[in-house]
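**Student:** What shape does this take:
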Amino acid sequence: MKKNIFIILMILFSKVYSYVNIHPVNFDKNIGGAGEIEEYYLYNGTNSSIKYLFSVERSKNEKDMTSWVEYYPKTLNLKPGQEGILKVFIKAPRGTEVGEYTTVLGVKEMPVISEKEIKSKSSTLKVLTNLKIEIVGYVGELKSSLTLKDLVVKKENKKLEFSGKIKNMGNRRGTFSFYLSDSRNKNSFLLGNKRVLINEELDLKEFNQEIKDDVVFKKIKNYNTLLIKENESIIMKIKI
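**Tutor:** From the prediction side, this is the model:
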């Protein structure tokens, strides 16, 4: 029986990785002008060879970009432990209305069948996983704008504890990287990456964690800045 998993990126950090090992699982780029490309890395962590079949199809969003998508290769065979790349290029036609556009990227996993198995009447073609990911591009100078309230950071007993909330008040969704850093941004510690939709509020306690390495925790205790980046650009820098 086929496993049919439909992943909306608002649940980006769900159990998708237990089925298809693919990274990243978003696009989030300006597809106006010359367009943009993203490389998706797939890894076969199984003990068998796997064939990946790729496709794109319309999403439920009224602003659909399926017809603008080019991707290569159409199929990919990976041996156990092997990594491969899917390249996706999207360019909106000139004059496209400003806004967010979506499409659904499909990834099917199938076992690689040998010639002997093909000739065998007992062989059957099975779909191991049928993964569908909604990816988003945008046209125009849309910006994600974050607001922060009630920030408190505690660094005690090898634990990082956060309180406070971040809200995306901009006009597009975004995936943000959160760091603790020194005031000059020369040294930093990655807390995690989070996708935040328009008007969505993120509770910072999601970054609570224990640092078991004494040396690392000693460095972190001297970091006095919460740094938020998107695509390596600094979106927000807050003293703590």
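
**Student:** Give the buried residues for the strand ranked longest in the chain.
**Tutor:** In the chain, assigned by DSSP state E, the strand with the most residues is strand 99-111. Within strand 99-111, the residues that count as buried by 16 or more other Cβ atoms under 10 Å are 100-105, 107-111. For every residue, glycine as well, the C-beta is placed using N, CA and C.

**Student:** Could I get the contacting residues of the spatially closest residue to residue 66 that is not a sequence neighbour?
**Tutor:** Spatial nearest neighbour of residue 66, chain neighbours left out: residue 103 (4.3 Å); criterion: Cβ to Cβ, 6 or more residues apart in numbering. Applying Cβ atoms under 8 Å, 6 or more residues apart in numbering to residue 103 gives the contacts 56-59, 64-66, 69, 90, 134-135.

**Student:** can you tell me which of the residues you listed are in helices?
**Tutor:** With DSSP state H as the criterion, helices contain none of the contacts of residue 103.

**Student:** are any of those residues buried, and which?
**Tutor:** Using 16+ other Cβ under 10 Å as the burial test, the contacts of residue 103 include 56, 59, 65-66, 69, 90, 134-135 as buried.

**Student:** Which of those residues fall within strands?
**Tutor:** Filtering the buried ones among the contacts of residue 103 for strands - DSSP E - leaves 56, 69, 90, 134-135.

**Student:** Quick check: the farthest pair among these?
**Tutor:** Pairwise distances across those peak at 13.4 Å for 90 and 134 (criterion: Cβ to Cβ).

**Student:** did I read that right, residue 92 in a helix?
**Tutor:** No. Residue 92: not assigned to a helix; according to DSSP: H, G, I helix; E, B strand; the rest coil it is coil.

**Student:** ok, back up a step: may I have the longest strand of the chain as CSV, with CA atoms only?
**Tutor:** The C-alpha trace of strand 99-111 is given here as CSV (Å, rounded to 0.1, in the frame of the first residue of the first chain):
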residue,chain,number,x,y,z
GLY,A,99,2.7,37.8,-4.4
GLU,A,100,3.6,34.3,-3.2
TYR,A,101,3.3,31.3,-5.6
THR,A,102,3.3,27.6,-4.9
THR,A,103,3.7,24.2,-6.5
VAL,A,104,4.0,20.7,-5.2
LEU,A,105,7.3,18.8,-5.7
GLY,A,106,6.8,15.1,-5.8
VAL,A,107,9.4,12.5,-4.9
LYS,A,108,8.7,8.8,-5.3
GLU,A,109,11.0,6.2,-3.9
MET,A,110,11.0,2.8,-5.7
PRO,A,111,13.3,-0.2,-5.5
